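Novice: pasting a predicted model and its sequence here:
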Amino acid sequence: MKKFPFTPEGVQSKQKELNALSVEERLRAAENAANNPVEFISENFEMSEEQVSYLKELELVDIRVTGFILAAGFLGQVPVEMQDTTPPSAFAARGKKKKELSTNISTTTNPQTGATTVTGSVGIKWTW
């Protein structure tokens with residue numbers, strides 16, 4: 001798979017790539033994102049060493065929640081917004097970043113056809 005810039009546009013492009021996969025392939029990608037989000041993000045997005053280091057230093061709960069949110073968004077094909085809004089020069093300050101994780105996903109199953117519809121959105125944002 002192609003690596004994309006770690007920008008809102010890059011995340012949208014990655015999601016388009018994932019959405020084009022079969023259900024089985026999307027499930028594997030979602031499982032990978034859920035089980036190891038740091039590896040998934042760093043393998044699929046162009047990031048600075050500081051950004052990768054920050055991801056690796058997240059607390060376990062943050063890492064797991066991030067992975068589950070990404071997996072739900074990618075598997076359900078709902079819009080995923082993921083970005084680091086920290087200016088590169090601010091990395092020198094090395095303070096704690098504020099993390100914002102949000103998810104709004106719902107599923108509806110048609111009892112007559114058995115078809116399931118997934119709607120909602122996913123957001124992951126890191127800022128100083």
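Specialist: Right, received. Where do you want to start? Residues are numbered from 1 along each chain as shown.
Novice: where does the chain have low pLDDT?
Specialist: Low-confidence segments of the chain, defined by pLDDT under 70: 85-98, 127-128.
Novice: find the nearest non-adjacent residue to the residue nearest the centre of the chain, please.
Specialist: Centroid-nearest residue in the chain, with CA atoms, centre = their mean: residue 70, separated by 3.8 Å. In space, and not counting its chain neighbours, residue 70 is closest to residue 33: 4.2 Å by CB to CB, 6 or more residues apart in numbering. (Each C-beta comes from the backbone N, C-alpha and C, glycine too.)
Novice: A helix includes the one you found, no?
Specialist: Yes - Residue 33 forms part of a helix when assessed by DSSP: H, G, I helix; E, B strand; the rest coil.
Novice: how much space between it and residue 15?
Specialist: Distance of residue 33 to residue 15, computed by CB to CB, to the nearest Å: 11 Å.
Novice: can you list contacts of the helix or strand containing residue 74?
Specialist: Using DSSP states H and E, residue 74 falls within helix 60-76. Helix 60-76 has contacts (CB atoms under 8 Å, 6 or more residues apart in numbering) with 15, 18, 26-27, 29-31, 33-38, 40-41, 55, 58, 78-80, 82, 99, 101-103, 105, 107, 118, 120-122, 124.
Novice: so residue 126 bridges to which residues?
Specialist: Note on residue 126: beta-bridge partners residue 84, residue 99, judged by DSSP bridges.
Novice: shouldn't it be in contact with residue 99?
Specialist: Yes - using CB atoms under 8 Å, residue 126 is in contact with residue 99, at 5.9 Å.
Novice: quick one, which of those two is more surrounded?
Specialist: Shown here are residue 126 and residue 99; by other CB atoms under 10 Å, residue 126 has more neighbours (20 against 14).
Novice: residue with max distance from the center of the protein?
Specialist: In the chain, the residue that sits farthest from the middle, by CA atoms, centre = their mean, is residue 112; the gap is 33.1 Å.
Novice: and it, what helix or strand is that in?
Specialist: Here residue 112, judged by DSSP H and E, is contained in no helix and no strand.
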